[in-house]
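[1] next comes the sequence, and after it the predicted model I'd like to discuss.
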Amino acid sequence: MDKQLAVFGRHDQNTLSQLLDVASRAEKAALMADGHLGYVMPIGGVAAYHEQVSVVGVGFDIACGNAAIRTDLKRSDLGKNDAAIEKRLDRIADEIADTISFGIGRKNRADDAPVDHPLFDSPAWNEIPSQHREALKSKARSQLGTVGSGNHYVDVFADEDDVIWVGVHFGSRGFGHGVASGFLALGQGRPWGERVPEREVLLSLATPLGQAYWSLMGLAGQYAYAGREWVARKVVDIIGARELELVHNHHNFAWRERQDGDELIVVRKGATPAFPGQKSFIGGSMGDDAVIVQGTPREHATPEVIEAQKHALYSTVHGAGRVMSRTAAAGRRRHRSRKQSEGAISRAMMLDWVRKKGVILRGGGTDESPHVYRRLPDVLAAQGPTIEVLHTLRPLIVVMAGADEFDPYKD
């Protein structure tokens, strides 16, 4: 089989070089239009292997992804006039921030958190070395349904018909980070728990080590799905709405798939599965619209579109894509002096953007300001007709961890 490489959109040379390095080991590879530099594999990268999985390809935030719920309410149902609606949205934003846990290593403080989910009885836990198993399971149990920090969020939107949607973005928290770190070490011949460099580790699924990682990656996927669905449904309850539709997808994960007649292990790092007719929720930034899309159905697709979908490995973007690093945006904290170097984005700039957009913001740091992201319509246009936009979601409320929250589990 000839190797296949496809690039959507325009990217800097470092990102392209990183993709070429990954492609040298993969059977097929692609880079989505929101791509940017990552650890070993670029964010927005997709790579397909024969019976191998890349630990750093899936990444440290295993099963990070998005979930969106369409509700039975419209914006106009929230109050008798615009002033009343804004007041209600303000109260909803406060209740979300008070109810859902954001930030580093946070424990879920809600009484109905899903700490007794059946996933905790999975035999996959036995793949973790016994001396680390209970500590990681305890951390996972306490963090299930927490959001974390960085670019992770809870949003309330209105679509083109003013229908209210709830959207969330986060992954498997400390559990996924522990699994990724453990297998990154084991794959380099070091013991679980030892910190090792972020190097490529390809695990063969024909080996016990590869099978153990595959099982725990799958468990982290179940964990992330359970957490996102609990948070999204909790917010639907806060609003006083009913769920009509759930759109849910990972974008840091690996799947066994048929790709152009071949069975391959497809690793997506910051890229969303987009098979024909498959729906997904894609966020913009705290001050930009999001979208619900689907892979262009076969009955809508020209031969050229079908070919482009194949080259994209039936994948699409997962967001707008960063154009500025966190440090460049927010500056760097000098820990001893507690002083911080000046970043390119001030809080006033960020707040002015979201105010003009009409967004009620709780939390959020300047490293997540809309200024540090591409514009989502441009990214979607660069991805071409491989996907169709079904709904455009205008943000009403954005809730994130505060600017001073540090979280080692953010993607």
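    That came in fine, so what should we check first? Numbering: from 1, shown residues only.
[2] for the protein, give me the ranges with low pLDDT.
    Applying pLDDT under 70 to the chain picks out residues 1-2, 104-107, 332-341, 404-411.
[3] the longest strand in it is where?
    Using DSSP state E to define each element, the chain has its longest strand at strand 387-399.
[4] residue farthest from the centroid of the chain?
    Going by C-alpha atoms, centre = their mean, the residue of the chain most distant from its centre is Lys80, 35.8 Å out.
[5] residues touching Trp247, list them.
    One thing to correct before we go on: residue 247 is Val, not Trp. Applying C-beta atoms under 8 Å, 6 or more residues apart in numbering, we find Val247 in contact with 67-70, 279-281, 292. (C-beta placed from N, C-alpha, C; glycine too.)
[6] could these go into TSV alongside neighbour count?
    Formatted as TSV, the contacts of Val247 follow (neighbours: other C-beta atoms under 10 Å):
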residue	neighbour count
Ala67	24
Ala68	28
Ile69	24
Arg70	21
Lys279	19
Ser280	25
Phe281	26
Ile292	22
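[7] need phi/psi at Gly176.
    phi -60, psi -40 (degrees, to the nearest 10).
[8] nope, Glu243 is what I was after
    phi -80, psi 130.
[9] my guess is it contacts Arg233. True?
    Yes - counting by C-beta atoms under 8 Å, Glu243 touches Arg233, with 6.6 Å between them.
[10] alpha carbons of the host helix or strand of His132, as CSV, please.
    According to DSSP states H and E, His132 maps onto helix 130-143. What follows is helix 130-143, C-alpha atoms only, in CSV (Å, rounded to 0.1, in the frame of the first residue of the first chain):
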residue,chain,number,x,y,z
SER,A,130,-0.9,-3.1,41.5
GLN,A,131,1.1,-0.6,43.5
HIS,A,132,-0.4,2.3,41.5
ARG,A,133,-3.9,1.0,40.8
GLU,A,134,-5.9,2.1,43.8
ALA,A,135,-4.4,5.6,43.9
LEU,A,136,-5.3,6.2,40.2
LYS,A,137,-8.8,4.7,40.6
SER,A,138,-9.4,6.9,43.7
LYS,A,139,-8.3,10.0,41.7
ALA,A,140,-10.5,9.0,38.8
ARG,A,141,-13.5,8.5,41.0
SER,A,142,-13.1,11.9,42.7
GLN,A,143,-12.5,13.7,39.4
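[11] that helix: which residues count as buried?
    136, 139-143 (16 or more other C-beta atoms under 10 Å).
[12] also stretch 179-192?
    The neighbour-count check on stretch 179-192 (16+ other C-beta under 10 Å) flags 179-187, 192 as buried.
[13] need the contact list for Leu175.
    To be clear, residue 175 is Phe; Leu isn't right here. Phe175 makes contact with 136, 139-140, 143, 220, 223, according to C-beta under 8 Å, 6+ apart.
[14] is it true that it lies in a helix?
    Yes - assessed by DSSP: H, G, I helix; E, B strand; the rest coil, Phe175 belongs to a helix.
[15] return the member of the contacts of Phe175 nearest to Asn126.
    Leu136 (12.1 Å; C-beta to C-beta).
[16] so that closest one sits against Ile128, correct?
    Yes - contact between Leu136 and Ile128 holds when scored by C-beta under 8 Å: they sit 5.9 Å apart.
[17] what do the two both touch?
    Residues touching both Leu136 and Ile128 (C-beta under 8 Å, 6+ apart) are Val179.
[18] which residues of the stretch 251-400 of the chain fall in strands?
    According to DSSP state E, counting those that start in this stretch, the stretch 251-400 of the chain carries its strands in the segments 252-259, 262-269, 271-273, 279-282, 290-295, 315-317, 333-334, 339-340, 360-362, 387-399.
[19] so which elements touch the second one?
    For strand 262-269, the elements it packs on are strand 43-49, strand 52-54, helix 55-58, strand 252-259, judged by 3 or more C-beta pairs under 8 Å, 6 or more residues apart in numbering; DSSP states H and E.
[20] go again using 10 Å as the cut-off
    strand 28-36, strand 43-49, strand 52-54, helix 55-58, strand 202-204, strand 252-259, strand 315-317 (3 or more C-beta pairs under 10 Å, 6 or more residues apart in numbering; DSSP states H and E).
[21] output these in TSV, with mean neighbour count appended to each entry.
    As requested, these are exported to TSV (neighbours: other C-beta under 10 Å):
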stretch	mean neighbour count
strand 28-36	27
strand 43-49	28
strand 52-54	24
helix 55-58	27
strand 202-204	18
strand 252-259	19
strand 315-317	29
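[22] would CSV of the ones you listed with distance to Val389 be doable?
    Shown next, in CSV, are the helices and strands packed on strand 262-269 (distance: least, C-beta to C-beta, whole Å):
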stretch, distance to Val389
strand 28-36, 14
strand 43-49, 19
strand 52-54, 30
helix 55-58, 28
strand 202-204, 36
strand 252-259, 23
strand 315-317, 11
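[23] so which of these is nearest Ala382?
    Among the helices and strands packed on strand 262-269, strand 28-36 sits nearest to Ala382 (C-beta to C-beta), with 3.8 Å.
[24] so the closest one versus strand 252-259, what angle?
    Relative orientation of strand 28-36 and strand 252-259, computed by axes from the mean of the first three to the mean of the last three C-alpha atoms, to 10 degrees: 140 degrees.
[25] CA-only coordinates of strand 28-36 in PDB, if you can.
    C-alpha atoms of strand 28-36 as PDB (Å, rounded to 0.1, in the frame of the first residue of the first chain):
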ATOM      1  CA  LYS A  28      -1.400   7.200   6.100                       C
ATOM      2  CA  ALA A  29      -1.400  10.600   7.700                       C
ATOM      3  CA  ALA A  30      -3.300  13.900   7.500                       C
ATOM      4  CA  LEU A  31      -3.300  17.300   9.100                       C
ATOM      5  CA  MET A  32      -6.600  19.200   9.700                       C
ATOM      6  CA  ALA A  33      -7.000  22.900   9.000                       C
ATOM      7  CA  ASP A  34      -6.800  23.800  12.700                       C
ATOM      8  CA  GLY A  35      -3.400  22.100  13.100                       C
ATOM      9  CA  HIS A  36      -0.600  23.500  15.200                       C
END
